[in-house]
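**Q** Pasting the sequence and the predicted model now:
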Protein chains: 2
Amino acid sequence: MAEERVHNAAFRHRIMDADEAACLIAHGDVVGMGGFGPGGTPKALPRALARRAIARHERGEAFAISLLTGASTTPDVDGVLARAEAISFRMPYMGDADLRAQANEGRVAYVDTHLSRVAPWARAGFLGKVDVAVIEAALIREDGGIVPTLAIGNAKTWLEMADKIIIEVNGWHTTELEGIHDIWAGDREAGARLPVVSWAGERIGGTVLRVPPDKIAAVVRTDEGDLGQSFRAVPDATRIAGHIIEFLKHEVVRGRLPEALPPLQSGVGNIANAVMTALADAPFENLTAYTEVIQDGMLDMVRSGKMRVVSGASLYLSNAQAAAAKADMGVLRDRLVLRQQEVSNNPAVARGLNCIAMNAGIEADIYGNVNSTRVMGSRVQNGIGGSGDFARSALLSIFMLPSVARNGTISSIVPMVSHVDHINQDVQVLVTEQGLADLRGLSARRRARVIIENCAHPDFRPQLRDYLARAERVDGGGGDTPHLLGEALSWHQRFIETGSMRI
Amino acid sequence: MAEERVHNAAFRHRIMDADEAACLIAHGDVVGMGGFGPGGTPKALPRALARRAIARHERGEAFAISLLTGASTTPDVDGVLARAEAISFRMPYMGDADLRAQANEGRVAYVDTHLSRVAPWARAGFLGKVDVAVIEAALIREDGGIVPTLAIGNAKTWLEMADKIIIEVNGWHTTELEGIHDIWAGDREAGARLPVVSWAGERIGGTVLRVPPDKIAAVVRTDEGDLGQSFRAVPDATRIAGHIIEFLKHEVVRGRLPEALPPLQSGVGNIANAVMTALADAPFENLTAYTEVIQDGMLDMVRSGKMRVVSGASLYLSNAQAAAAKADMGVLRDRLVLRQQEVSNNPAVARGLNCIAMNAGIEADIYGNVNSTRVMGSRVQNGIGGSGDFARSALLSIFMLPSVARNGTISSIVPMVSHVDHINQDVQVLVTEQGLADLRGLSARRRARVIIENCAHPDFRPQLRDYLARAERVDGGGGDTPHLLGEALSWHQRFIETGSMRI
């Protein structure tokens, strides 16, 4: 089966099983893994590596790697390896519960950074050496061209930098994937400049990855689909989506946005999916997306013709949608572009296309700063991911969050966020299920009023108004962004101490 | 005199004095002013407008404008108008003491935002209508082409949007300025994409501004140079510059940066100037700059041949250098490019060129977040300016600050910054006179150790180490970014209450 997909001799000679391949990775190695989310993420090798780590640990031997990826992986990578105590360093993003716990305990060094930045920094030598690259492929062509699966991530960079290359050829995927990828080649040449991507569907590169044959250390056969995305219908998400659609319609009527809307970037999860579902029924046509993760909602719009083209880093679908996409790939391929994340998330492109960015937050403060990563300031939930790549570059950056959390004990609108991922300048619109705050052109004091009255949960509005009023009365006028520093984080502290932000 | 510079009849017919022209601006008008810092900033009209405001106020009539600019102006604009109580709304940046006081008292609505964003947002209609544009010119050509002076700022956008246009033709400047500007024309067309700027000196536009003759409301004669920049020799700045030069040399030796260095962006002020002075004596050749404000140091390097080309938004020079530049402009012009700020500060260009960004901060926290605008969290000092345009897009973003302020009563390195302008992901290197912290590829806990030991003032290191150690010991491991929220801002609160952060 795997042999059918491996049409080049240099690769065929290296076919071995995953446990054999895992022995090529040594304690202390820096491993660069391809993919972005479940898409394109190797599966068999990481599990074998975890077995190798456990066996060595049982013998009293050390075994842990530094793991560089595109973004999150799947529980079968970060989770399995974390439980095997096999990760000492992790970059640039993760979302696995077990790995997260280790990062929060200080046992894993986690570097949370902009996803578009990883490849350029790695190439410049800022992140040191990469020992082994591990990537997933749908097909190795006779000419040695490697066809990736549902995401490229940083695969190209890891392949170029690594001494050894391990490829998982995954027979689950359709070989019709050939042609869906757009891989910009110029990133290695000093002085190579990313060409202008003048619309979301523009292709600027080739369709396959290439490697020098002497670096191929192993080719491993796998045959399994990606972990499927599942969505919950969340009433708050539907209300948030409704506010956003109303706002976008209004902007089109006022002539501030074109009828086809600028290219959309949308984060991952229930709220993002609800927005896509709502868009499908809204009176916009010929939509495009220039985004990271392509979820079910966008693919539905591609099928219905509502969306002209979707460019992204990765497909992350439900099982049903993944199976359907596999069957239709020969047709879908013409309206989908999967790019390496250096291009999919490139702020220069998002800026050039004047994208609308829609991302989720954990909490926002009255001045419009957003925390999207750290619970109560200290504990990482996941990471900034691509949100910072898009939010600052977009023409219009929208942040979305429910107004309360944990059964109403936490207000997501607080006097001061306990951690800042997105500064107020990168948040033009803030939305909760309560309503939408249009912050464009407002001073800090005005932003505070609009956010409290439109976005905060009614239960917490009096407390927020009281904070703002007292902060504004401080000697000398309170400042342009009035705060009471002795009290600014007291809501969080109260939650830590009493289990509720309520007074 | 002014007539000599006004070679087109449509403009000549509108010549009047500044007080007459000021009457064309009504209470409540939105005024878009050209320029960027002192460069290109109108002088006579704002003073006349202040007189008009005072006269009206004395008669019991209301008079205040919304003032949109490129960046800061000069005391003769923001200061004079603020003292006349003639500004109700100000965007996107200011640095004047009187205006700042009014913003901090909540009397002026101040919107502090990324300088590259103003023009695109304004054009999209996000900021509403612009009633009057006021710009400075060195020359009006026979064909109606307007040659700007030492900065364009957002002049092109204000000219396009405004109903009425007032032009100050300033005879102080040399007409040899014609040709120094590069004005991208495509910004008005929907879907126009900024072309690739493949090196700092690349020109992508024309050299003059154009307006429909029927919008010219007044042409005012002036004849005065810009306010001169003055520098102080600050020992800490020299030490900071020394650390940066050592670091850059080391990066070149390691092959992580090219010998000519990537294009440099450098902020304004004593530290930035000290870095330029130090660079002049360092073993780098063929330097280029893609920056905002061009100060004396860069111009010296252009003259000496050390710097091949400087692209920027504005010239902000000492009086001596300004006079010399005026005399040499015919030669200097070939190695200088002045761009509209939408291009000079465009993150897409900074990203494409892999710039090195060097900006100043007010305070930084142990995890590498930087506050560059709000003193004790609440009181605005100036604004984010272009620092956010560059810091996130640069290949390497360096932030610089002295380790202590106010005679050592304030530690610039704190547990948590009281306001965030630059998130840790946008700060690769932090430098104080104490030393340099290379934060690339470090987890939050590692960053904290390097920042405390390399950058904090020795007097404050024990307090910082103690905070970190206790935060890391919190139940559950403290988080990946350990904080004690009840104490995180207590250093600032102690300063407010006691006048010192020291225990």
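**A** Noted; the coordinates are in hand.
**Q** Excluding its own residues, what touches stretch A:219-229? List them.
**A** A:1-2, A:6, A:11-12, A:14-18, A:21, A:38-39, A:41-45, A:74-76, A:136, A:140, A:150, A:166-172, A:295-296, A:316-320, A:322-323 (Cβ atoms under 8 Å, 6 or more residues apart in numbering or on different chains). All C-beta spots, glycine's among them, are computed from the backbone N, C-alpha and C.
**Q** Just the buried positions in it, please.
**A** If you call a residue buried by 16 or more other Cβ atoms under 10 Å in any protein chain shown, then stretch A:219-229 has these buried ones: A:Val219, A:Val220, A:Arg221, A:Thr222, A:Gly225, A:Asp226, A:Leu227, A:Gln229.
**Q** okay, and for the stretch 1-150 of chain A, where does confidence drop off?
**A** Counting by pLDDT under 70, the stretch 1-150 of chain A has low-confidence residues at A:1-3.
**Q** Which members of the contacts of stretch A:219-229 are classed as buried?
**A** In those, the ones that pass as buried (16+ other Cβ under 10 Å) are A:2, A:6, A:11, A:14-16, A:18, A:21, A:38-39, A:41-45, A:74-76, A:136, A:140, A:150, A:166-171, A:295-296, A:316-318, A:322.
**Q** thinking again about what came up before, any chance of the buried residues of stretch A:219-229 in a markdown table, plus secondary structure and pLDDT?
**A** Shown next, in a markdown table, are these (DSSP: H, G, I helix; E, B strand; the rest coil; pLDDT from 0 to 100):
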| residue | secondary structure | pLDDT |
| --- | --- | --- |
| A:Val219 | strand | 98 |
| A:Val220 | strand | 98 |
| A:Arg221 | strand | 95 |
| A:Thr222 | strand | 96 |
| A:Gly225 | coil | 94 |
| A:Asp226 | coil | 92 |
| A:Leu227 | coil | 89 |
| A:Gln229 | coil | 87 |
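**Q** Please identify which of those residues is nearest to chain B.
**A** Relative to chain B, the closest of the buried residues of stretch A:219-229 is A:Leu227; by Cβ to the nearest Cβ it sits at 24.2 Å.
**Q** Which parts of the stretch 201-350 of chain A are strands?
**A** Ranges of strands in the stretch 201-350 of chain A, per DSSP state E, counting those that start in this stretch, are A:216-222, A:264-266, A:287-290, A:293-294, A:307-312, A:314-315, A:336-339.
**Q** Pairing partners for the fourth one, with directions?
**A** Partners of strand A:293-294 in the sheet, by DSSP bridges, are strand A:314-315 (parallel).
**Q** Quick one: name the residues of the stretch 101-250 of chain A near chain B.
**A** Residues of the stretch 101-250 of chain A lying close to chain B (Cβ under 8 Å from any Cβ of the partner chain) are A:103-107, A:109-114, A:117, A:120-121, A:124-128, A:190-191, A:193-196, A:198.
**Q** Kindly supply the PyMOL command isolating those of those residues that are buried.
**A** To isolate the buried members of these in PyMOL, using 16+ other Cβ under 10 Å:
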select buried, chain A and resi 103+104+106+109+110+111+112+113+114+117+120+121+124+126+127+193+194+195+196
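**Q** Next step: the residues of the stretch 101-250 of chain A next to chain B restricted to helices.
**A** Of the positions in those, A:Ala103, A:Asn104, A:Pro120, A:Trp121, A:Ala124 sit in helices, assigned by DSSP state H.
**Q** so what's the residue of the stretch 1-150 of chain A found nearest chain B up against?
**A** With Cβ to the nearest Cβ as the measure, A:Glu105 is the residue of the stretch 1-150 of chain A nearest to chain B, at 3.2 Å. Contact analysis of A:Glu105 by Cβ under 8 Å, 6+ apart lists B:Gly476, B:Gly477, B:Gly478.
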